[in-house]
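# Fold the stuff below for me.
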Amino acid sequence: MKNNWKKKGVVFKPKNTDSFSHAVMPKGIILDDRIRIFFSGRDKLKRSHPFFIDVDINNPKNIINISKKPLLKLGEAGTFDESGIMPSCIKKISGKYFLYYIGWSLSGNVPYKNSIGLAISDDCKTFKKYSRAPIFSTTNEEPFFTASLDIIKFKNKLHTLYLSGIKWENFNKKYEPIYNLKYGSSYNGIDWRRDGDVAINLKSIDEGGIASPTIVKIKNIFHLWYSYRSKFNFRTNIKNTYRIGFATSNDLKKWKRKDKQFNLDISTVGWDSTMMAYPNILRIDKKLIMFYNGNNFGKTGIGYAENEI
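Below is the predicted model of the structure:
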């Protein structure tokens, strides 16, 4: 498969009349004639809440429905998701819809802590938290944080690539997170084996993060897209902001980075002219659709691109 992506423009941007700003980290699932795209919106206190939009499967710019209120409530004071909930992966597992999300908790020495939580639904509309605790939390091998992930079923097992915190580095008296992607596996989507195996590592000392993996199997090859950024000044310096990378694998564990083969970059002007982040790719017949965020971590909304297989 060749990366011959073509940008199609903005799908959704929150309006001033909405109760939230931003539309961060789009994650879609195909439901009959539509694609349900989960994302997080920010309230006035900058806390993330989960929402979704439904778009026409044949024309994603045609919005069919927008959820009116957050799908889940923030956690109780002191819990891992008290300060924000950000959808990260939606999959149908054993007849139910599993919504994996990033829980946010404000911290002290470092700005925040992330862990991965789970909510489950029978209809992909009304979700209930599986637990008040995360299903991916810190361990002795991963003492810092876990965040965005994707899951694919292969040979009767669920496989995941997930963001794993390596450390925090102090830059101009502010701690910034450093992270890569690691591999895990499960038989039920709840109990996961994580041995600390690195799937995609930082390619240089100047790179600071790899996030939001999205996996597609085409023929006998696994294809992976993700976001990567520089270590510092990645919020304001256009050269250091998120871009979309690409890798392939034969076994889901060992991956070869091929970032230069991904043919899209930021636009000259417009909604994605300073950043391209958080890709999510769905296969529809012989076509791939990629939803992604543009400038300022989703402030300018969700757009999409297409690629023929």
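# hang on, Thr268 in a helix?
No: secondary structure of Thr268 (DSSP: H, G, I helix; E, B strand; the rest coil): coil, not part of a helix.
# Please determine how far it is located from Ala305.
Distance, Thr268 to Ala305, by C-beta to C-beta, to the nearest Å: 16 Å. Just so you know, the C-beta spots here come from the backbone N, C-alpha and C atoms, and that holds for glycine as well.
# cool, and Pro70?
Distance from Pro70 to Ala305, counting by C-beta to C-beta: 28 Å.
# Point out where the stretch 101-250 of the chain drops to low pLDDT.
Counting by pLDDT under 70, the stretch 101-250 of the chain contains no low-confidence range.
# Show me what the closest residue to Thr146 other than its chain neighbours is bridged to.
Setting aside the residues directly before and after it, Thr146 is nearest to Phe136 in space (C-beta to C-beta, 6 or more residues apart in numbering), at 4.4 Å. Taking DSSP bridges as the rule, Phe136 bridges to Ile116.
# Tally up the residues packed near Phe136, please.
25 (other C-beta atoms under 10 Å).
# isn't it right next to Leu163, touching?
No: applying C-beta atoms under 8 Å, one finds Phe136 not in contact with Leu163, separated by 9.7 Å.
# hang on, the earlier thing: okay, Pro70 and Ala305: which has more neighbours?
Legend: neighbour count by other C-beta under 10 Å for Pro70 and Ala305, higher for Ala305 (21 against 18).
# OK, contacts around Ile120?
For Ile120, the contact set (C-beta atoms under 8 Å, 6 or more residues apart in numbering) comprises Lys96, Tyr97, Phe98, Leu99, Phe127, Lys128, Tyr130.
# and it, what are its phi and psi?
Ile120 adopts backbone torsions of phi -130, psi 150, taken as degrees, to the nearest 10.
# Quick check: bridge partners of it?
Residues in a beta bridge with Ile120, per DSSP bridges, are Phe98, Lys128.
# Equivalent analysis for Arg229, please.
Gly209.
# Give me the neighbour count for it.
Neighbour count of Arg229, defined by other C-beta under 10 Å: 19.
# go on, Val216?
Neighbour tally, Val216, other C-beta under 10 Å: 18.
# is it true that it touches Asn280?
No: Val216 is not in contact with Asn280 according to C-beta under 8 Å; the separation is 10.5 Å.
# Tell me how far the longest strand that the chain contains lies from the chain's centre.
Criterion DSSP state E: the longest strand present in the chain is strand 157-171. Relative to its parent chain, strand 157-171 has a centroid offset of 12 Å by C-alpha atoms, centre = their mean, to the nearest Å.
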